[in-house]
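A.B. asks: Attaching a predicted model along with its sequence, questions to come.
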Amino acid sequence: MLGTYFTGHKHIAKQVTVTDITTALKNTVQVLGLSRYNITPSDISSHSLRAGGAMALHLGGVPAHTIKILGRWSSDTFLLYIQEQITGFSAGLSTQMSSTPLL
């Protein structure tokens, strides 16, 4: 089954849980120092993968109705996720651009 892994010398089968994924994502945010991009561990959960997937599809030029179908959204909620991510990535960008000397 997808998400199964084996642990210990007895090779006991275990399932990856939502908590396992959330913990791994939060740890990754810390290790990568993503706070400099206004992304903190408290902003992240396993649900972030769904929102991130929607953003990746959007940036890849996939039509909104296709993203909606792939994400199993019954409304246009995914558009809010995309907007939130764009806002987070662009926070402070205009200030940085205006203070960076031209090469």
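C.D. replies: Good, I have the coordinates.

A.B. asks: from the chain's centre, how far out does the helix or strand hosting Thr23 sit?
C.D. replies: Assigned by DSSP states H and E, Thr23 belongs to helix 18-32. Remark: helix 18-32 is offset 11 Å from the chain centroid, using CA atoms, centre = their mean, to the nearest Å.

A.B. asks: counting contacts, what elements does it pack onto?
C.D. replies: For helix 18-32, the elements it packs on are helix 47-59, judged by 3 or more CB pairs under 8 Å, 6 or more residues apart in numbering; DSSP states H and E. (C-beta placed from N, C-alpha, C; glycine too.)

A.B. asks: Next, the angle from the helix it packs on to helix 18-32.
C.D. replies: If you take axes from the mean of the first three to the mean of the last three CA atoms, to 10 degrees, helix 47-59 sits at 70 degrees to helix 18-32.

A.B. asks: So for helix 47-59, mean pLDDT?
C.D. replies: In this model, helix 47-59 has an average pLDDT of 83.

A.B. asks: Let's see the helix or strand just after that helix as PDB, backbone CA atoms only.
C.D. replies: Toward the C-terminal end, the helix or strand that comes next after helix 47-59 (DSSP H and E) is helix 64-70. Output of helix 64-70 as PDB, limited to C-alpha atoms (Å, rounded to 0.1, in the frame of the first residue of the first chain):
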ATOM      1  CA  ALA A  64      -8.100  26.900 -13.000                       C
ATOM      2  CA  HIS A  65     -11.000  24.500 -13.800                       C
ATOM      3  CA  THR A  66      -8.400  21.700 -14.100                       C
ATOM      4  CA  ILE A  67      -6.800  22.600 -10.800                       C
ATOM      5  CA  LYS A  68     -10.200  22.600  -9.200                       C
ATOM      6  CA  ILE A  69     -10.900  19.100 -10.500                       C
ATOM      7  CA  LEU A  70      -7.500  17.600  -9.600                       C
END
